Structures are given as C-alpha cells and as structure tokens.
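Participant: 3D, please:
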Amino acid sequence: MSTREKVYEMLRGFDTTMLVTVGGEHQMHARPMAIAEVEDDGAIWLMTSASSRKIDEITEDARALLVCENGRTQQLSISGRARVVVDPGRVRRLWNEAYRVWFPQGPDDSDIALLAVDPLMAEFWDASGTNRVAYFWETVKAYMTAERPKTDAIPHGAGKL
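Facilitator: So this is what the prediction gives:
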C-alpha cells in the first residue's frame, strides 16, 4: 500500500482533527474540528463559522496543518493549503445534525462556511490491529533489555500527497 493510500485509509477512520493555522505575527492557532468529508484522494472538508478568526487567518496565509490521533494507536498529520468555500448546496449535503449546536438555524444558516484543505504532505504512525501486537512485543523487549524499541515494528511513513 502506498503512503497516499495509507494516509487516506487512516484519515477516513477519524471524525475529528486539530486544525492548525497561522495568524498575525506568525502565531500558530489550533482548534478541534469535525471532519465533514474526505474526498477520494482529494480535499478534506470542514464546516465552520464564516465570521471565525480561522477564516481571516486562512485568507491571509493558506498554510494549514491537520493533526489526528486515535489514542496511542494511530497518529496522522497532514500539511496543505486551506481555502474558504461558500457553497450552500455542499453545506446541505454535508450537514450533520450535530452541527446544529454551532449553527442553530440549521444548514441554511448564513454564517456557515466550508474549509477545504488540499493536502500536500503527510506523516503517519499506525500501531493498530496486528501492528499493535508487534509494537507491544517491541516495547516489552525494550523494557526487558533496557534498549529502545525498534520503530520498524510500527508502520509509519511520510511523503508528498
């Protein structure tokens, strides 16, 4: 499986991500976001308030980082370019009733904007499933021998997307 395929397979297993953007004076800001959609080998879509600070930050500097974690078993980071999209039809298609907490007027709320993050690079670590057994074995051996675990036991990768 290629790095790209692995990244998208893992990404579909996450429902939230930390979105990191760059603000004024190059300060980085992170906040949790629900993942609305992952296109096949394409953009990652997030729903947000059109009046939020992250919209201003992305308009000023499109660099974005998405960080996902599933306990101690799977970690994924994706860097890319974010863009603001106003598309009421897509908002209605992606609408999930859980969004009503943030948008009480529903999918037709005029304050809804979409963020599309177009991935450029990714890094991942996957110690889930059968990989977890191999990782556990390496940590036990490391503990018993006072040596660091072999990281090759954890499938990981990095690359351009």
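Participant: What separation do you get for Gly89 and Arg100?
Facilitator: 19 Å (CB to CB, to the nearest Å). C-beta: built from backbone N, CA, C; applies to glycine.
Participant: Which one's more surrounded, the two?
Facilitator: Using other CB atoms under 10 Å as the criterion, Gly89 and Arg100 rank with Arg100 on top: 13 against 8.
Participant: quick one: pLDDT of that one?
Facilitator: For Arg100, the model assigns a pLDDT of 95.
Participant: Distance check, it against Asp111.
Facilitator: 13 Å.
Participant: now do Arg93
Facilitator: From Arg93 across to Asp111, the span is 18 Å (CB to CB).
Participant: So in this protein, which strand runs the longest?
Facilitator: Secondary structure of the chain read by DSSP state E shows that its longest strand is strand 112-126.
Participant: quick one: low-confidence parts of the chain?
Facilitator: Within the chain, the segments meeting pLDDT under 70 span 129-145, 149-155.
Participant: what sits against Ser49?
Facilitator: For Ser49, the contact set (CB atoms under 8 Å, 6 or more residues apart in numbering) comprises 55, 102-103, 111-113.
Participant: Show me which residues of stretch 51-65 are buried.
Facilitator: 54-55, 57-58, 62, 64-65 (16 or more other CB atoms under 10 Å).
Participant: now swap in stretch 26-33 and tell me
Facilitator: Met33.
Participant: Stretch 93-109 now?
Facilitator: Buried residues in stretch 93-109 (16+ other CB under 10 Å): 94-95, 99, 103, 107, 109.
Participant: which pair in these spans the largest distance?
Facilitator: Greatest spatial distance among the buried residues of stretch 93-109 (CB to CB): Leu94 and Asp109, at 13.1 Å.
Participant: In contact with Met10, which residues are there?
Facilitator: Contact analysis of Met10 by CB under 8 Å, 6+ apart lists 68, 74, 76, 124, 126.
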